[in-house]
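> Just the structure for this:
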Amino acid sequence: AAALRLLLGSEEAVAEADAAYEACLRRRGRGAEAAAAQAADAAGRRTAELLLRQRLGELHAARQRGAMARPAAGRLSVDAA
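Next up is the predicted model:
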């Protein structure tokens, strides 16, 4: 939840929210600020969730690479002995 809150303020999420806000106003016209704000919130949240999934995937891949490297390092030291 904390990571998602941080990512909501990321450059990418803010840019998507701004773009959604402007697009909604263009479609519905001025006076639709409430709908535009809802669209912006939803777009920012979707972007933050996507960023979180990407970063968690990168973390998972890095952990797998580390786990694969550890046994290999252990075998090398055993073989050398």
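
> Setting aside sequence neighbours, what's the nearest residue to the residue nearest the centre of the chain?
The centre of the chain sits closest to residue 51, judged by Cα atoms, centre = their mean, with a distance of 1.0 Å. The shortest distance from residue 51 to any non-neighbouring residue, by Cβ to Cβ, 6 or more residues apart in numbering, is to residue 7 (4.8 Å). For every residue, glycine as well, the C-beta is placed using N, CA and C.

> now what about whichever strand or helix holds that neighbour, what contacts it?
Here residue 7, judged by DSSP states H and E, is contained in helix 2-8. Here helix 2-8 makes contact (Cβ atoms under 8 Å, 6 or more residues apart in numbering) with 13, 44, 45, 47, 48, 49, 51, 52, 55.

> Next: stretch 52-69.
Under Cβ under 8 Å, 6+ apart, the answer for stretch 52-69 is 3, 4, 7.

> Quick one, which of those are buried?
Buried by 16 or more other Cβ atoms under 10 Å: residue 7, out of these.

> will you turn the contacts of stretch 52-69 into a markdown table that also has distance to residue 65?
Putting these into a markdown table (distance: Cβ to Cβ, whole Å) gives the following:
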| residue | distance to residue 65 |
| --- | --- |
| 3 | 21 |
| 4 | 25 |
| 7 | 24 |
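
> Which of the contacts of stretch 52-69 sits closest to residue 22?
Using Cβ to Cβ, residue 7 comes nearest to residue 22 of the contacts of stretch 52-69, at 21.2 Å.
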